[in-house]
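Peer 1: missing the sequence, but the structure's below:
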């Protein structure tokens, strides 16, 4: 088996890959939250919320792929297995069953807000370790903040 060797010193690689793995879990989980809400949303704002949820899912999946490839480029295999996600996932998620449109908005703004807060911690952690990874995390943060803002702007912070 060929092993990819990182150009980073070992400690910088460890810090960067830990941040990337944690971000991968958050992004894959966020895509699952978005799909769960997408399939179960009901209410007068169904259509707009339904489409917004797809936008979040697409963004989360795209970013997850980029994050996983960055980890692989640094020589650490990314772990997106279902059992890994289930074991360490920590974002707010919807309850089982149908989901009022206002509740879908609340769940998504909470999940996106939590994901952004966690990304900001990782941005700080990677500042000295790896500016390339930090830059990637910054761009993901900007996109998720935009997604969160769009939910609040379209639907109001309380879903009204």
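Peer 2: Everything's here; your move. Keep in mind that what you see is a predicted model, and the values were worked out from it rather than measured.
Peer 1: residue closest to the middle of the chain?
Peer 2: Computing the C-alpha centroid of the chain and ranking residues by C-alpha atoms, centre = their mean puts residue 27 first, at 2.7 Å.
Peer 1: Secondary structure of it: a helix, I assume?
Peer 2: Yes: according to DSSP: H, G, I helix; E, B strand; the rest coil, residue 27 belongs to a helix.
Peer 1: Distance check, it against residue 71.
Peer 2: Going from residue 27 to residue 71 by C-beta to C-beta, to the nearest Å gives 12 Å. In this view, the C-beta of every residue, glycine as well, is placed from N, C-alpha and C.
Peer 1: Same check on residue 133?
Peer 2: Distance of residue 133 to residue 71, given as C-beta to C-beta: 9 Å.
Peer 1: Please say which of the two ends up with more neighbours.
Peer 2: Ranked by neighbour count (other C-beta atoms under 10 Å), residue 133 and residue 71 place residue 133 first, with 28 against 23.
Peer 1: Please name the nearest non-neighbouring residue to that one.
Peer 2: The spatial neighbour of residue 133 that comes closest, neighbours along the chain excluded (C-beta to C-beta, 6 or more residues apart in numbering), is residue 16 at 4.3 Å.
Peer 1: again with residue 43
Peer 2: Once flanking residues are discounted, residue 43 sits nearest to residue 101: 3.4 Å by C-beta to C-beta, 6+ apart.
Peer 1: residues near the one you found, how many?
Peer 2: 20.
Peer 1: re the thing from before, ok, how many other residues are close to the residue nearest to residue 133?
Peer 2: Residue 16 has 27 neighbours, counted by other C-beta under 10 Å.
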